[in-house]
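Student: Any chance you can model this:
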Amino acid sequence: MTLDLWLDVNNNGVVDPGVDNLVRSTMTDENGQYAFAGLPAGAYLVDVTDARGVLAGMALTDGADATDDYSQVDPYAVTLSSTGGIVSSDFTADFGYMASTPLTISGIVFEDSIKNGAWDAAEILIPGATLSLYRVVDGEWFLVGSTTSAPTTGFYEFTDLPAGEYRVVADVSGTPLSGKFQTTQTATGAVQHVTLESANSANNDFGFYAPPYLPTAVTMAYFSATARSDGAIDVIWGTAMELDHVGFNLYRGASLAGPWERLNSALITPQFPGATTGADYTWLDAVVEPDTRYTYLLEDVDTQGVSTFHGPVSITASPPAAVTLVAFGAGGNPFAGLSLLLALASLALGSWKRRRALL
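Tutor: Just a heads-up that it's a prediction; the model follows:
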């Protein structure tokens with residue numbers, strides 16, 4: 001989400017190009033969070049520009065005036081004062097949006113034991129899988145949020161969505177399906193394509209199957225990425241066991257659609273090959289650009305040359321600063337809070353929350 005910060009020169013609470021000064025522009029990260037840092041005292045206006053059209057089909061909500069975590073008018077006037085050389089902070093520049101016609105995407109995650117690409121009543125439903133939802137605008141994917149499949153039912157859903165194009169991606173790392181082959185979405189690169197128009201979309205199901213004659217190369221415990229305060233990105237993963245495992249490949253792309261670049265020049269060897277115990281791994285990706293989003297995909301390779309892919313996970317690289325963002329999580333509600341150095345505000349899309357800060 002794009003936002004502009006203006007210096008309100010004539011202090012009238014209205015953006016007047018040619019009179020007011022554009023201080024800077026920014027974008028929210030995958031969690032809807034943003035910050036304007038290092039500002040001098042003055043009268044400012046925060047303007048949600050949505051240059052990429054992510055808010056299409058959504059309307060600004062009305063909340064308590066000048067109150068943190070409540071939706072404000074757009075543009076929103078903020079005054080920062082200085083006392084003893086210390087500039088004040090403002091946490092109230094929050095904007096909430098909700099779908100004009102709220103819609104839902106839902107489905108289940110299951111073990112496709114008969115390998116027919118559809119759930120049958122006797123097949124096991126899988127809890128704990130991570131489902132990530134992306135909105136597609138002009139061919140670019142924007143992360144809406146993530147959720148997990150429910151205990152017992154394997155059910156997941158994303159609610160309060162506007163009409164539009166979406167993609168759903170399933171990550172079964174850490175579940176009984178880890179390392180198994182996906183039997184659904186085979187024609188679309190393991191990604192579920194969804195078009196919302198005027199009705200909810202159900203039965204967006206994900207099935208997985210493992211032939212009994214193939215060994216499980218590795219059991220994944222987790223796979224994620226974290227933006228570091230020095231501007232680099234840590235890609236981290238862990239295994240629960242490493243039977244019949246020969247190594248990993250790590251790939252980076254500009255989006256889930258690729259193109260993909262392999263980061264390691266040689267296979268990343270397991271710490272405990274053939275063991276029933278697991279290990280933790282970290283890859284430091286230092287060749288990144290600030291405020292740029294990167295997507296990572298992990299491949300594990302077994303002794304028979306069979307590859308299993310995990311992820312993807314996405315992260316936005318931070319400028320070197322005193323602010324650290326954790327940019328990818330498995331929580332079902334993307335309204336996660338953000339602790340910033342001086343100030344914070346938020347932007348919400350229906351059930352999505354956008355946060356930012358003025359410092």
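
Student: Got the phi and psi for residue 188?
Tutor: With angles defined as degrees, to the nearest 10, residue 188 sits at phi -120, psi 30.

Student: what about it, how many residues close to it?
Tutor: 10 (other CB atoms under 10 Å). Heads up, the C-betas are built off the backbone N, CA and C, glycines and all.

Student: tell me the pLDDT at it?
Tutor: With respect to pLDDT, residue 188 has a value of 88.

Student: Pull up the gap between it and residue 128, please.
Tutor: 24 Å (CB to CB, to the nearest Å).

Student: Tell me who's in contact with residue 246.
Tutor: 217, 267, 269-270, 273, 301-303 (CB atoms under 8 Å, 6 or more residues apart in numbering).

Student: and it, which of the three is it?
Tutor: strand (DSSP: H, G, I helix; E, B strand; the rest coil).

Student: do the same with residue 187
Tutor: helix.

Student: try the one 5 residues further on
Tutor: State at residue 192, reduced to three classes by three-state DSSP: strand.

Student: Test of understanding: give the bridge partners of it.
Tutor: residue 168 (DSSP bridges).

Student: Roughly how far does it sit from residue 128?
Tutor: Residue 192 is 18 Å from residue 128, where distance means CB to CB.

Student: Give me the more crowded residue out of the two.
Tutor: residue 192 (20 against 17).

Student: ok, that one - contacts?
Tutor: Contacts of residue 192 by CB under 8 Å, 6+ apart are 107, 167-170, 184-185, 204, 206.

Student: let's see 6 Å
Tutor: Shown in contact with residue 192 (CB atoms under 6 Å, 6 or more residues apart in numbering): 168, 185, 204.

Student: can you check residue 59 too?
Tutor: Counting by CB under 6 Å, 6+ apart, residue 59 touches residue 100.

Student: Any figure for the gap between it and residue 274?
Tutor: Taken as CB to CB, the span from residue 59 to residue 274 is 57 Å.

Student: for residue 52, same thing?
Tutor: Distance from residue 52 to residue 274, by CB to CB: 48 Å.

Student: Let me see the domain layout of this structure.
Tutor: 2-99+335-356, 103-209, 219-316 (automatic domain parsing).

Student: Confidence-wise, which of the ones you listed is weakest overall?
Tutor: Across the domains of the chain, domain 2-99+335-356 has the smallest mean pLDDT, namely a mean of 83.

Student: gap between that domain and the chain center?
Tutor: 21 Å (CA atoms, centre = their mean, to the nearest Å).

Student: And for stretch 279-293?
Tutor: Distance, centroid of stretch 279-293 to centroid of chain: 15 Å (CA atoms, centre = their mean).

Student: May I see the buried residues of it?
Tutor: 279, 281, 283, 285, 288, 293 (16 or more other CB atoms under 10 Å).

Student: Including distance to residue 157 and secondary structure, could those go into TSV?
Tutor: Compiled in TSV, the buried residues of stretch 279-293 are given as follows (distance: CB to CB, whole Å; DSSP: H, G, I helix; E, B strand; the rest coil):
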residue	distance to residue 157	secondary structure
279	35	coil
281	32	strand
283	33	strand
285	33	strand
288	33	coil
293	25	strand
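
Student: With distance to residue 222 added, can I get these in TSV?
Tutor: Formatted as TSV, the buried residues of stretch 279-293 follow (distance: CB to CB, whole Å):
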residue	distance to residue 222
279	12
281	10
283	14
285	17
288	21
293	21
